[in-house]
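Colleague: what follows is a predicted structure for the sequence shown.
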Amino acid sequence: ASGLSEQQQLALEELEQINEKLESLANFINDPGSTFSSLSWEEQHQLRMKASYQEDYARALKRIASGLAGEGSNNGA
């Protein structure tokens, strides 16, 4: 991915890792053959929240990778 800043390249690499983790977690949650349904409500809720947080983080990484994260803010550092 030429033309990307180091920050954008790092964001893309991390996004790939987060997407893999999110896919695994979603498969576990949605697979009727997994042990997810046997977990307590609290554990199920925590895993669903983890997936939600990972989705939010993935959106933030996409903005960084696309160069949109700095729009409208001071990028002095």
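Modeller: Alright, I've got the coordinates.

Colleague: which intervals of the protein have sub-threshold pLDDT?
Modeller: Per-residue confidence for the chain (pLDDT under 70) gives these ranges: 1-2, 69-77.

Colleague: what is the helix or strand containing Ala51 packed up against?
Modeller: Following DSSP states H and E, the helix or strand that holds Ala51 is helix 41-66. Applying 3 or more CB pairs under 8 Å, 6 or more residues apart in numbering; DSSP states H and E, one finds that helix 41-66 makes contact with helix 6-30. Glycine gets a C-beta too; all of them are placed from N, C-alpha and C.

Colleague: and the helix it packs on, what does it pack onto?
Modeller: Applying 3+ CB pairs under 8 Å, 6+ apart, one finds that helix 6-30 makes contact with helix 41-66.

Colleague: now do the helix it packs on against helix 6-30, angle only.
Modeller: Using axes from the mean of the first three to the mean of the last three CA atoms, to 10 degrees, the inter-axis angle of helix 41-66 relative to helix 6-30 is 150 degrees.

Colleague: got the buried residues for helix 41-66?
Modeller: Using 16 or more other CB atoms under 10 Å as the test for burial, helix 41-66 gives Leu47, Ala51, Gln54, Ala58, Leu61, Ile64, Ala65.

Colleague: mind checking how far the fourth one is from Ser38?
Modeller: Spelled out, that is Ala58. As for Ala58, its distance to Ser38 is 28 Å (criterion: CB to CB, to the nearest Å).

Colleague: returning to what we had before: of the buried residues of helix 41-66, closest to Ala26?
Modeller: Taking CB to CB as the measure, Ala26 lies nearest Ala51 of the buried residues of helix 41-66, at 6.2 Å.
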